[in-house]
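Engineer: here's my sequence, what's the structure:
(one chain, ligands or ions: 2)
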Amino acid sequence: MEDLPGIAITGASGRMGQMLIKTVVESKKARLVGAIERKGHDWVGRDIGEAMGGSALGVTVTDEPLEAFAKAQAVIDFTAPAATIEFAKLAAQARAVHVIGTTGMTVEDIAQLAPCARHAVIVRAGNMSLGVNLLTQLTRKVAEALDEDFDIEVIEAHHHHKVDAPSGTALMLGEAAAEGRGVELNDVADRGRDGITGARKRGDIGFTAIRGGDIVGEHDILFAAAGERIVLRHMATDRTIFARGALKAALWGQTQKPGEYDMVDVLGL
Ligand SMILES: NC(=O)C1=CN([C@@H]2O[C@H](COP(=O)(O)OP(=O)(O)OC[C@H]3O[C@@H](n4cnc5c(N)ncnc54)[C@H](O)[C@@H]3O)[C@@H](O)[C@H]2O)C=CC1
Ligand SMILES: O=C(O)C1=N[C@H](C(=O)O)C[C@H](O)C1
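Structural biologist: Numbers count the residues shown, from 1 in each chain. Ligands and ions are numbered 1, 2, ... in the order given. Have a look, this model is predicted:
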């Protein structure tokens, strides 16, 4: 048991944090060594298992990430952009693999990861599921095969707690479509329509975000032309798909050189 890679989970009380704790505890390939929450959170100082409403797991929730990371071979982090940047610096200091699921990071945020990746493995993806990562490949291929007679729209739906839009997954799919077309997403993305917008610009890739209820995550890539439409769809119904992918990334990262990777690397797609 002691030989298994030790995993620390940040944002331990969150929707993904709790799912990750369960996934690591149930895994025969890793052990839980740390649970981190933000300063002032009422779970700090409590056993993580008991805080989650179950039996004790022998891991106390801490607000001192570096102490927890120093005991871990990997950190799995689904929190918020500012927290993730700080965690990247600390994970690099601890030489722990940093698996980042956090979305809503800006280009400037992402640039801050590069110096950390000189010292430790970073695996970052807006979606850790096998299905979505396969869908990015399919999206690239379909976009490559079709010309601009086909308008590309990415439509996503999520629960009403989600704070960022478009979703990280929608942006991954948009990137894949843009790559297939041989264009830069930044040059063609249409991310917010309201009022008299004018007609759709040929070649644009549009994004629509739906927020409601407890939707786990749904993504459509629509290719719409005169007289026909193609729709590629992924529907997540359970957050375990993200947690399992993140744990796979944490284990895969143990044998990699420092650098920045994504789930396509992990899954070998
Ligand atoms: N890449 C993927 O496959 C997936 C990514 N996500 C992303 O993961 C992130 C979290 O999602 P949820 O779990 O639904 O949110 P949530 O709001 O339920 O959880 C976030 C947790 O992070 C904690 N946190 C914030 N700042 C912190 C800090 N400085 N130190 C320690 N903990 C801190 C919060 O207290 C909270 O417990 C979002 O960006 C979401 O888009 C969610 C699902 C899948
Ligand atoms: O916030 C979520 O819940 C999710 N976030 C990710 C995203 O932004 O795409 C992945 C998944 O869709 C769930």
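Engineer: can we go C-alpha only for contacts and neighbour counts from here?
Structural biologist: Fine.
Engineer: ranges for the strands of the stretch 101-250 of the chain?
Structural biologist: 121-124, 151-158, 189-190, 205-211, 217-225, 228-236 (DSSP state E, counting those that start in this stretch).
Engineer: contacting residues around residue 260?
Structural biologist: Contacts for residue 260 (Cα atoms under 8 Å, 6 or more residues apart in numbering) come out as 114, 117, 121-124.
Engineer: sketch out the low-pLDDT regions of the chain for me.
Structural biologist: 1 (pLDDT under 70).
Engineer: what helices or strands is the longest helix seen in it leaning on?
Structural biologist: Longest helix in the chain by number of residues (criterion: DSSP state H): helix 130-145. When contacts are defined as 3 or more Cα pairs under 8 Å, 6 or more residues apart in numbering; DSSP states H and E, helix 130-145 packs onto helix 168-181, strand 228-236, helix 263-267.
Engineer: show me what the second one is packed against.
Structural biologist: Just to be clear, that refers to strand 228-236. Applying 3+ Cα pairs under 8 Å, 6+ apart, one finds that strand 228-236 makes contact with helix 130-145, strand 217-225.
Engineer: that older thread, how far does the longest helix of the chain sit from its chain's centre?
Structural biologist: 17 Å (Cα atoms, centre = their mean, to the nearest Å).
Engineer: tell me the buried residues in it?
Structural biologist: For helix 130-145, the neighbour count (16 or more other Cα atoms under 10 Å) marks 130, 132-133, 135-144 as buried.
Engineer: closest one of these to residue 213?
Structural biologist: Distance to residue 213 across those (Cα to Cα) is lowest for residue 132, with 21.6 Å.
Engineer: is it true that that closest one touches residue 233?
Structural biologist: No: assessed by Cα atoms under 8 Å, residue 132 is found out of contact with residue 233, at 9.0 Å.
Engineer: how many residues are close by the residue lying closest to residue 249 once chain neighbours are set aside?
Structural biologist: Spatial nearest neighbour of residue 249, excluding adjacent residues (Cα to Cα, 6 or more residues apart in numbering): residue 266 at 6.0 Å. Counted with other Cα atoms under 10 Å, the neighbours of residue 266 add up to 19.
Engineer: now do the same contact list for residue 266.
Structural biologist: So residue 266 contacts 248-249, 252 (Cα under 8 Å, 6+ apart).
Engineer: mind checking which of these are buried?
Structural biologist: Judged by 16+ other Cα under 10 Å, buried ones among those: 248-249, 252.
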